[in-house]
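**Q** everything below, folded, please.
(chains A and B)
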There are 2 protein chains.
Amino acid sequence: MSFSPLLGQLIQQLRALPGVGPKSAQRMAFHLLARDRAAGKAIAQALQQAMEHIHHCQLCRTFSETPLCVLCANQKRDHQLLCIVESPADMLAVEQTGYRGLYFLLLGHLSPLDGIGPEDLGLDLLTRRFREATIQEVIIATNPTVEGEATAHYLLQLAKQFNISCSRIAHGVPFGDVLEYIDARTLALAIAGRS
Amino acid sequence: MSFSPLLGQLIQQLRALPGVGPKSAQRMAFHLLARDRAAGKAIAQALQQAMEHIHHCQLCRTFSETPLCVLCANQKRDHQLLCIVESPADMLAVEQTGYRGLYFLLLGHLSPLDGIGPEDLGLDLLTRRFREATIQEVIIATNPTVEGEATAHYLLQLAKQFNISCSRIAHGVPFGDVLEYIDARTLALAIAGRS
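**A** Residues are numbered from 1 along each chain as shown, chains lettered A, B, ... in the order given. Below is the predicted model:
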């Protein structure tokens, strides 16, 4: 059976959300229409405004509707310390550890097969920040994947050119985990990086 | 850390979608902002239009932006046969079986504890349709839950008053399932309803 055109369109569009398939999209549309039209309108408005007004922070590339994000504009943070992460979600994760420096977001990782090179990761912007010489130390917190490691290696070389002290977050056994169930690669890294 | 106001608002609003928690809402917002702003705007527009223009079909109560939905307006359907379901999703499920009659949507089930009585299920509208005497047969396809059964019983009584032939969909062992794993209640119903 076919839905009414507007309903069919709504379900179709909702499928653009990550993790939402045809059944979930239907469920979302029915729920909003039957129970919470005010919420539906509120989502529409928030989406519209966000898509139009949210850009990237000029310094760290995180999402912000102001030229500088809250963190970069905060003079109480340590402006000599820079943590390089792949995504806003990663930035959030690092922020929860109590880190007090600034960030730089790659919004991706080097992936030549997908056509993602240094210029797509905003590394020209990063080079400019390195050149300004405010930054004394860099922590590379890309994901421990093949692409993340390759990106980390590239960043390490870049920081070296500017004589900036540079470190990579440690790989090892997660806190609270048991050795028995850790994969060999992680355990090998944990042993190699023992302190 | 706090997000920028617009981003925080977007994540907050997305949580009104069913099955979307804080992490999923974040992921959705980041995905749309980073990769697909056009889709974000399209969702916003589809939502806005749907929430404003989609109402209920005057005959069957399904979602429709026209006074009569496509099914009720279709003269090729059997207008003497009526299937009563709880939700648009249920209607869709019945439609996939090749059913060719019309529908009536309760958009809920009788639930006195939640304050949902006959008037909330549009039963005045249903009574009017029964009175018009076009309908010859009613199939009650409410869910096999306690509330669904109570609702089915109520509808049965209602149809009886108008001398309309009325049946309830069968309960039993799902096709392709094995008896070993069927709960006792379902199996008892399957035995009682043997044919």
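**Q** for the rest of this, base every contact and every neighbour count on C-alpha atoms.
**A** Fine.
**Q** so which residues of chain A form helices?
**A** Assigned by DSSP state H, chain A shows helices spanning A:5-14, A:22-35, A:37-53, A:70-73, A:88-95, A:123-132, A:146-161, A:184-192.
**Q** which residues sit against the last one?
**A** Right, the one you point to is helix A:184-192. A:171-173, A:179 (CA atoms under 8 Å, 6 or more residues apart in numbering or on different chains).
**Q** turn the residues you listed into CSV, columns for pLDDT, distance to chain B and neighbour count.
**A** As requested, those are arranged in CSV below (pLDDT from 0 to 100; distance: CA to the nearest CA, whole Å; neighbours: other CA atoms under 10 Å in any protein chain shown):
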residue, pLDDT, distance to chain B, neighbour count
A:His171, 85, 24, 17
A:Gly172, 86, 25, 17
A:Val173, 85, 24, 18
A:Leu179, 84, 28, 12
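**Q** and the residues you listed, which is closest to A:Glu119?
**A** A:His171 (27.4 Å; CA to CA).
**Q** do you know how far the closest one is from A:Ile140?
**A** 12 Å (CA to CA, to the nearest Å).
**Q** got it, and A:Arg37?
**A** 44 Å.
**Q** those two: who's more crowded?
**A** Higher neighbour count among A:Arg37 and A:Ile140: A:Ile140, with 25 against 18, using other CA atoms under 10 Å in any protein chain shown.
**Q** that one: what's it in contact with?
**A** A:Ile140 makes contact with A:83-85, A:152, A:155, A:166-169 under the criterion CA under 8 Å, 6+ apart.
**Q** can you rerun that using 6 Å?
**A** If you count contacts by CA atoms under 6 Å, 6 or more residues apart in numbering or on different chains, A:Ile140 has them with A:83-84, A:168.
**Q** so which of those residues wins on neighbours?
**A** Top of the contacts of A:Ile140 by neighbour number is A:Cys83, holding 24 neighbours under the definition other CA under 10 Å.
**Q** is it true that that residue touches A:Ile139?
**A** Yes: counting by CA atoms under 6 Å, A:Cys83 does reach A:Ile139; the two are 4.6 Å apart.
**Q** so, low pLDDT: which residues of chain A?
**A** Within chain A, the segments meeting pLDDT under 70 span A:1.
**Q** around chain B, pick out the residues from it.
**A** Contact residues (CA under 6 Å from any CA of the partner chain) of chain A with chain B: A:4, A:6, A:10, A:13, A:17-18, A:28, A:37, A:41, A:43-44, A:46-48, A:50-51, A:64.
**Q** could I have the buried ones of those as ChimeraX selection syntax?
**A** A single ChimeraX command is used to select the members of those judged buried by 16 or more other CA atoms under 10 Å in any protein chain shown:
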select /A:4,6,10,13,17,28,37,41,43,44,46,47,48,50,51,64
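**Q** for the closest residue to chain B within chain A, what are its contacts?
**A** Relative to chain B, the nearest point of chain A is A:Ala44 (4.0 Å; CA to the nearest CA). By CA under 6 Å, 6+ apart, the contact list for A:Ala44 reads B:44, B:47-48.
**Q** can you list the domains in chain A?
**A** Annotated domains of chain A cover A:5-53, A:56-165 [automatic domain parsing].
**Q** end-to-end on the last one?
**A** Distance between the boundary residues of domain A:56-165 (CA to CA) amounts to 27 Å.
**Q** off-centre distance for it?
**A** 10 Å (CA atoms, centre = their mean, to the nearest Å).
**Q** equivalent analysis for the first one, please.
**A** Once both centres are worked out by CA atoms, centre = their mean, domain A:5-53 turns out to sit 24 Å from its chain's centre.
**Q** gap between A:Ala42 and B:Gln26?
**A** 16 Å.
**Q** I misspoke; the intended subject was A:Gly19.
**A** Counting by CA to CA - A:Gly19 and B:Gln26 are separated by 12 Å.
**Q** between those two, who's got more neighbours?
**A** It is B:Gln26, of A:Gly19 and B:Gln26, that has more neighbours when counted by other CA under 10 Å, with 20 against 11.
**Q** wait, A:Leu105 touches A:Leu82, no?
**A** No: judged on CA under 6 Å, A:Leu105 makes no contact with A:Leu82 at a distance of 10.3 Å.
**Q** for the longest strand seen in chain A, buried residues please.
**A** For chain A, the strand with the greatest residue count under DSSP state E is strand A:78-85. Across strand A:78-85, burial judged by 16+ other CA under 10 Å covers A:79, A:81-85.
**Q** let me know the angle separating it from helix A:88-95.
**A** If you take axes from the mean of the first three to the mean of the last three CA atoms, to 10 degrees, strand A:78-85 sits at 130 degrees to helix A:88-95.
**Q** let me see the contact set for the nearest residue to A:Ile11 once chain neighbours are set aside.
**A** Excluding the flanking residues, the one nearest A:Ile11 by CA to CA, 6 or more residues apart in numbering or on different chains is A:Ala25, at 5.2 Å. Residues near A:Ala25 by CA under 6 Å, 6+ apart: A:11, A:14-15.
**Q** just give me the residue right at the centre of chain A.
**A** Central residue of chain A (CA atoms, centre = their mean): A:Ser87, 0.8 Å from the mean position.
**Q** contacting residues around that residue?
**A** The neighbours of A:Ser87, taking CA under 6 Å, 6+ apart as the test, are A:105, A:107.
**Q** again with A:Arg100
**A** A:Arg77.
**Q** most packed of the domains of chain A?
**A** Mean neighbour count (mean count of other CA atoms under 10 Å in any protein chain shown) peaks for domain A:5-53 among those, with a mean of 19.
**Q** that one spans what distance, first to last residue?
**A** 30 Å.
**Q** and what of stretch A:65-79?
**A** 21 Å.
**Q** ok, and what's touching it?
**A** A:53-55, A:57-58, A:100-101.
**Q** make it 10 Å
**A** For stretch A:65-79, contacts defined as CA atoms under 10 Å, 6 or more residues apart in numbering or on different chains pick out A:49-50, A:52-64, A:99-104, A:134-137, B:1-7.
**Q** all set, thanks.
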